[in-house]
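S.K.: Test case, fold it:
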Amino acid sequence: MNRYLRHILLPFFVGFAIFAVTCLLSSDDVPQLPPIIAWDKVAHFGMFFVLSAVSLFDYFQLQSGHPKMGRWIFWGFVLPVMYGAAIELMQKYFFRSRSAEMADFIADVLGSLIALLIALFLYKKFRKQEKKLSL
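M.R.: Have a look, this model is predicted:
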């Protein structure tokens with residue numbers, strides 16, 4: 001399988017699953033949960049955490065463990081955040097069974113941001129170990 005195609009498939013699949021859940025399912029089809037926690041915000045956070053995490057990991061693998069930082073952040077954070085904004089706009093203008101909320105977008109951004117911060121932390125740790133091994 002083409003190396004680039006392999007590293008695009010998982011993020012694409014996760015992105016499609018997010019689209020299906022957030023745009024194609026009617027609000028009536030989503031189960032009602034106890035109102036103690038804003039479950040829909042937790043779901044948005046989790047979906048975009050996973051999307052960013054798989055994007056960051058796959059780009060890291062594609063670059064053989066040495067990603068160019070700007071591109072890595074673009075593919076693993078900026079693009080998922082732009083995707084989250086696009087989904088909210090589609091919910092507002094195209095999918096009448098769904099509603100757009102700024103709080104959903106903020107949860108998307110936070111999920112992607114936490115995934116990025118964890119990836120940067122792990123990358124720094126990986127680089128330290130790599131330097132120790134080369135000494």
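
S.K.: What helices and strands are in contact with the helix or strand where Tyr123 lies?
M.R.: Counting by DSSP states H and E, the element that carries Tyr123 is helix 102-134. For helix 102-134, the elements it packs on are helix 39-62, helix 79-93, judged by 3 or more Cβ pairs under 8 Å, 6 or more residues apart in numbering; DSSP states H and E. In this view, the C-beta of every residue, glycine as well, is placed from N, C-alpha and C.

S.K.: How many residues are close by the closest residue to Phe45 other than its chain neighbours?
M.R.: Nearest-residue entry for Phe45: Gly111, 4.0 Å, with adjacent residues in sequence omitted and distances by Cβ to Cβ, 6 or more residues apart in numbering. A total of 26 residues lie near Gly111 under the criterion other Cβ atoms under 10 Å.

S.K.: can you check Gln61 too?
M.R.: Gln61: 13 neighbours (other Cβ under 10 Å).

S.K.: Now do the same contact list for the closest residue to it other than its chain neighbours.
M.R.: Excluding the flanking residues, the one nearest Gln61 by Cβ to Cβ, 6+ apart is His7, at 6.2 Å. With contact set as Cβ atoms under 8 Å, 6 or more residues apart in numbering, His7 has these partners: 58-59, 61-62.

S.K.: still on that earlier bit, mind checking the pLDDT average for the helix holding Tyr123?
M.R.: For helix 102-134, the mean per-residue pLDDT is 92.

S.K.: In it, which residues are buried?
M.R.: For helix 102-134, the buried set under the neighbour-count rule, 16 or more other Cβ atoms under 10 Å, comprises 104-105, 107-109, 111-113, 115-116, 119-120, 123.

S.K.: what's the closest of those residues to Phe19?
M.R.: Taking Cβ to Cβ as the measure, Phe19 lies nearest Asp108 of the buried residues of helix 102-134, at 12.6 Å.

S.K.: distance of the closest one from Met82?
M.R.: Separation of Asp108 from Met82 (Cβ to Cβ, to the nearest Å): 10 Å.
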